[in-house]
Each structure stands twice: as C-alpha cells, then as structure tokens.
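Visitor: The sequence isn't on hand, but the structure is:
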C-alpha cells in the first residue's frame, strides 16, 4: 500500500483523547500515534522533516500542523504549502481546534492537498477537490464557520 493511503487511513481513524492547548503537544501526540500505528510499514516517521515540515513519513508524505490558526497563520501557510507540494508526493495539512474563515479559501486554493481538522474525540477529512468550490462551502466543513 502506498505511503499516502496508509497515513491518510491512520489519521482518519485517529480520535485524539485530549484537547491540545498548543501546537507542540498536538505534534508530539500525532507523531507518536503514527509511529505506533505504522511500525511494520518500513516508513520512517521524522519530526524534523524535509523542507522543515512538521512530520515526514518517509520522503513521500509531509504533514504540516496548525493549532487554531489565525488569519495571519493561514496566510503564512500558503507559502509553506507552495514549498511542500514540490518536495513531497502527498501533503497533508492538519489543524487542531477552530479555524479562521479564510480556511475555506485555503482548501479551494490547493486542490491536491489533503486537509484534516481534529478536535478532542474526532476529526474531519477533506478529499482533494478536483475543481474550485470558491462559491460554496466545502462539504467537509459545512456548519463549522
């Protein structure tokens, strides 16, 4: 099975048991979870990944993490994603907590990136879009804004 499918399957199944107060604890918990659930795959989990991404699974999957990102953090994320999509086969942006209203535009701007939102006890996953949905709410995030 391809690394991106494995990682996405594992993250879709992950239900954090705590409300993370900061990005570093979200990062540590996700990295530990991936190390525990992907041990026999041969993919190395790195927390100081290529291109300074938060978590790298082998050289194929890069995961950028955010904790309740503000408008400025989402604007900065644009530049980060631009760098990451040229360096990894699959890029996942994972956010814990609330998202700013610019989040929907972010999803529409990067149709090849996987976006996930986590909260205590659950998550939501957005399949990469095949076309822009800028005039609509993305189905995975309806009712959140």
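Guide: Happy to help now that I have it. None of these values were measured; they are calculated from a predicted model.

Visitor: Can you verify my assumption that residue 35 contacts residue 45?
Guide: Yes. Counting by Cβ atoms under 8 Å, residue 45 is a contact partner of residue 35 at 4.9 Å. (C-beta placed from N, C-alpha, C; glycine too.)

Visitor: Neighbour count: those two, which is higher?
Guide: It is residue 45, of residue 35 and residue 45, that has more neighbours when counted by other Cβ atoms under 10 Å, with 23 against 14.

Visitor: show me the contacts for the more buried one.
Guide: By Cβ atoms under 8 Å, 6 or more residues apart in numbering, the contact set of residue 45 is 31, 34, 35, 38, 55, 56, 57.

Visitor: For residue 88, see how far away it is.
Guide: As judged by Cβ to Cβ, to the nearest Å, residue 45 and residue 88 stand 14 Å apart.

Visitor: overlap in contacts of these two?
Guide: Shared contacts of residue 45 and residue 88 (Cβ under 8 Å, 6+ apart): residue 56.

Visitor: Check the offset of stretch 31-40 from the chain's centre.
Guide: Chain-centre distance of stretch 31-40: 16 Å, with Cα atoms, centre = their mean, to the nearest Å.

Visitor: cool, and stretch 54-65?
Guide: 9 Å.

Visitor: Enumerate the positions of it that are buried.
Guide: 54, 55, 56, 57, 58, 61, 62, 63, 64, 65 (16 or more other Cβ atoms under 10 Å).

Visitor: now swap in stretch 84-102 and tell me
Guide: Buried residues in stretch 84-102 (16+ other Cβ under 10 Å): 84, 88, 90-97, 99-100, 102.

Visitor: Stretch 3-22 too?
Guide: By neighbour count on 16+ other Cβ under 10 Å, the buried set for stretch 3-22 is 3, 4, 6, 7, 8, 10, 11, 14, 16, 20.
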